[in-house]
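Colleague: Compute the structure for the input listed below.
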Amino acid sequence: MQRVAIYNRCSTEEEAQKNALEVQAAESLELVEAKKEEGWVIVAQYVELESGTSTKKRREYLKMVEDIKHNRFDIVVVKSIDRLARNAKDWYLFLDCLMKHNTRLYLYLERKFYQSEDALVTGIKAILAEEFSKELSAKIKNAHRRRQIKQSGLNITREMFGWNKVGKDTFERNEKEAAYFILACQLAEAGCGFRKISNALYEAGARSKNGGRISEVQWRNMLRSPRSYGTVVLHKREYDFVRKETKKLPEEEWIFIENALPALISWEYYEKIQRILDDRAKKYKHL
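Modeller: The predicted model follows:
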């Protein structure tokens, strides 16, 4: 019997296709099913939703690597090399893990097992995948930045307390949530800390978009955010491909889009609240 694990992950260019991962998963399952006569038995399947170039944040990949180390299966089935790694370092580390634990790799797009004599070719493919990913990442960031500068794409994907999304880059003020936000501002004016604000607003009936409690950290972030007076700040962070980490950008590189949202409060009131919060922070810092 050959114990088989399947690893599925969409490539970056497939992200726009909602069913791409489902199709890939179905293809790999069909392939292994067809090899039942050869003794192939599926013991695990990993479906990766994370599409980043680094393996650090890919939970399913990391789980699979741990299972390889525990000899849970004999064969890993994957569509192609770029589904496993988009940089040469991660690729060779994965190969080393396979070799140490006597696990074979089957590339179903090529209908073949990875062999040691394939090392040069696959290494080149991994390097090319890395370069492709780097170039694609740069193009995406450049296009994204151009949309931001032209104010043609806010790229706000999460729901925001205080507003309802009614169309692409179009939001309307949620009057009930706006009233809660103003109450939070009034409590800040009265000298309340974020914990008291969180407790008071929870008792008053304020809830997050998913119906949960709004924490003191969330209230602090909301009261500090320029979004409250309608300005959206973008491009505060950027992914560093070389270091494989997200870095905070200097303020001069931030993009400020004014009047992007219906204001919850005026700019003048926002500035007043910021002075109060700053004074309170300085006071407690020296205690």
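Colleague: what bits of the protein have low per-residue confidence?
Modeller: Within the chain, the stretches with pLDDT under 70 are 10-21, 50-56, 86-88, 116-155, 239-245, 285-287.
Colleague: so what's the backbone phi/psi at the residue of it positioned farthest from its centre?
Modeller: Taking C-alpha atoms, centre = their mean as the measure, the residue most remote from the mean C-alpha position of the chain is residue 37, 40.5 Å away. Torsion angles at residue 37 (phi, psi; degrees, to the nearest 10) stand at phi -70, psi -20.
Colleague: Can you give me the distance of it to residue 78?
Modeller: The spacing between residue 37 and residue 78, counted by C-beta to C-beta, to the nearest Å, is 22 Å. C-beta here means a position set from N, CA and C on the backbone, and glycine is covered the same way.
Colleague: likewise residue 189?
Modeller: From residue 189 across to residue 78, the span is 58 Å (C-beta to C-beta).
Colleague: Show me which of these two is the more surrounded one.
Modeller: residue 78 (23 against 12; other C-beta atoms under 10 Å).
Colleague: residues touching residue 206, list them.
Modeller: Taking C-beta atoms under 8 Å, 6 or more residues apart in numbering, we find residue 206 in contact with 177, 180, 183-184, 214.
Colleague: Check the secondary structure at residue 3 for me.
Modeller: strand (DSSP: H, G, I helix; E, B strand; the rest coil).
Colleague: residues contacting it?
Modeller: Each residue near residue 3 by C-beta under 8 Å, 6+ apart is listed here: 41, 43, 72-75.
Colleague: I'd guess residue 99 is in a strand, am I close?
Modeller: No. Using three-state DSSP, the assignment for residue 99 is helix, not a strand.
Colleague: residues near it, how many?
Modeller: With other C-beta under 10 Å as criterion, residue 99 counts 12.
Colleague: Look up how far residue 187 lies from it.
Modeller: Taking C-beta to C-beta, one finds residue 99 at 61 Å from residue 187.
Colleague: Can you tell me which of the contacts of residue 206 is nearest residue 271?
Modeller: Nearest to residue 271 among the contacts of residue 206, counting by C-beta to C-beta, is residue 184 at 16.2 Å.
Colleague: Just give the nearest non-adjacent residue to the closest one, would you?
Modeller: residue 197 (5.2 Å; C-beta to C-beta, 6 or more residues apart in numbering).
Colleague: so of the contacts of residue 206, which ones are in helices?
Modeller: Members of these lying in helices (criterion: DSSP state H): 177, 180, 183-184.
Colleague: and residue 276, what is it in contact with?
Modeller: By C-beta under 8 Å, 6+ apart, the residues touching residue 276 are 188-189, 191.
Colleague: thought residue 81 was touching residue 108?
Modeller: No. The pair residue 81 / residue 108 is not scored as a contact, 11.8 Å apart, by C-beta atoms under 8 Å.
Colleague: And the two? Which one has more around it.
Modeller: Taking other C-beta under 10 Å, residue 81 and residue 108 do not tie; residue 81 has more neighbours (23 against 17).
Colleague: mind checking how far that one is from residue 32?
Modeller: Counting by C-beta to C-beta, the gap from residue 81 to residue 32 is 19 Å.
Colleague: same deal with residue 98?
Modeller: Taken as C-beta to C-beta, the span from residue 98 to residue 32 is 18 Å.
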